[in-house]
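> The following comprises the amino acid sequence and a computationally predicted model.
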Amino acid sequence: MGLTLPNAFRFFLLLPTTSNDTLGEPFWKDPRLNLYLFSWSLFHLAEFFVTARYNPTRLLTDSFLLNNGVTYHVAHSFGLIEFILTSLLFPPPSQHWLFGSQALGIKPLHLSWIGLALILLGQFLRSLAMIQASDNFSHTIASTKRHDHRLVKEGVYSFSRHPSYFGFFYWALGTQILLVNPLSTLGFSLVLWKFFNSRIKHEEIHLVKFFGQEYLDYRRRVGTKLPFIP
Ligand SMILES: C[S@@+](CC[C@H](N)C(=O)[O-])C[C@H]1O[C@@H](n2cnc3c(N)ncnc32)[C@H](O)[C@@H]1O
């Protein structure tokens, strides 16, 4: 597959000028690692700056979302370790066997493009949801209704009932697919699904309490779009 991009764009993405240049580089020069670190940093900066711009009364140092549980940091550290170990033990192109992709004729670089697409989609939807929900959004689940808390049903909330979770889910999966990490991709899928499944159940108990029939009608009409979470 000939993936060609203007050189300026390739430079911005820290990609080599030809796909073969990535092969044989030490892991710390691998553009996938650079892109991963860039995406990770951008995600947390965007959490803070979108809150600052669109939801300033809720701005805290916690708005960077860096204190969201030890599991999150363990998972990303595990992903980095998996990437480094596989790069050392199975330097490209021997990584072709990962994901059973050799049989399908898919190269690690192709999987990385899928990962990058998921990261961009996830980041876009996450930030857009925070912007459109504005001061109805909070990083922690509200258990008492603020007098001005309004049910957001328009924009990206008409596509998914939980668009910021949808974005977070695919952004996080994308980071591991970008790195071509089979174990972490599987682990992230399971852990994230379990986390969002229980968080949505908990959050919706409060939303039904806050908005009653209006929320029940909205829930009947709009799905989460997350796999196996109606
Ligand atoms: C971290 S935000 C997540 C919002 C939503 N679950 C999403 O994925 O975009 C959690 C807060 O948003 C509020 N919330 C969730 N859905 C909402 C909606 N459709 N309209 C207004 N507030 C909502 C909840 O009350 C909760 O306090």
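Received, thanks.
> Now do the helices in the chain.
7-12, 31-54, 70-89, 101-104, 108-133, 163-178, 182-211, 213-221 (DSSP state H).
> Among these, which comes closest to the ligand?
The minimum distance between the ligand and those falls on helix 163-178, with 3.3 Å, by C-beta to the nearest ligand atom. Any C-beta I mention is one placed from the backbone N, CA and C, and that applies to glycine too.
> Adding mean neighbour count, distance to residue 150 and mean pLDDT, write the helices of the chain out as JSON lines.
Shown next, in JSON lines, are the helices of the chain (neighbours: other C-beta atoms under 10 Å; distance: least, C-beta to C-beta, whole Å; pLDDT from 0 to 100):
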{"stretch": "helix 7-12", "mean neighbour count": "11", "distance to residue 150": "38", "mean pLDDT": "42"}
{"stretch": "helix 31-54", "mean neighbour count": "17", "distance to residue 150": "14", "mean pLDDT": "95"}
{"stretch": "helix 70-89", "mean neighbour count": "15", "distance to residue 150": "29", "mean pLDDT": "93"}
{"stretch": "helix 101-104", "mean neighbour count": "12", "distance to residue 150": "46", "mean pLDDT": "52"}
{"stretch": "helix 108-133", "mean neighbour count": "19", "distance to residue 150": "9", "mean pLDDT": "92"}
{"stretch": "helix 163-178", "mean neighbour count": "24", "distance to residue 150": "16", "mean pLDDT": "97"}
{"stretch": "helix 182-211", "mean neighbour count": "16", "distance to residue 150": "9", "mean pLDDT": "97"}
{"stretch": "helix 213-221", "mean neighbour count": "13", "distance to residue 150": "10", "mean pLDDT": "98"}
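> who's in contact with the closest residue to residue 202 other than its chain neighbours?
Leaving aside its sequence neighbours, residue 202 sits nearest to residue 141 (C-beta to C-beta, 6 or more residues apart in numbering; 6.5 Å). Residues counted as contacts of residue 141 (C-beta atoms under 8 Å, 6 or more residues apart in numbering) are 199, 202, 203, 206.
> Equivalent analysis for residue 176, please.
Residue 176 neighbours (C-beta under 8 Å, 6+ apart): 79, 115, 184, 185, 188.
> In this structure the third one contacts residue 77, no?
No - under the criterion of C-beta atoms under 8 Å, residue 184 lies out of contact with residue 77, with a separation of 10.1 Å.
> got the residues of this protein near the ligand?
Counting by C-beta under 6 Å from any ligand atom, the positions of the chain adjacent to the ligand are 129, 133, 136-139, 141-142, 151-152, 157, 162-165, 203, 206-207.
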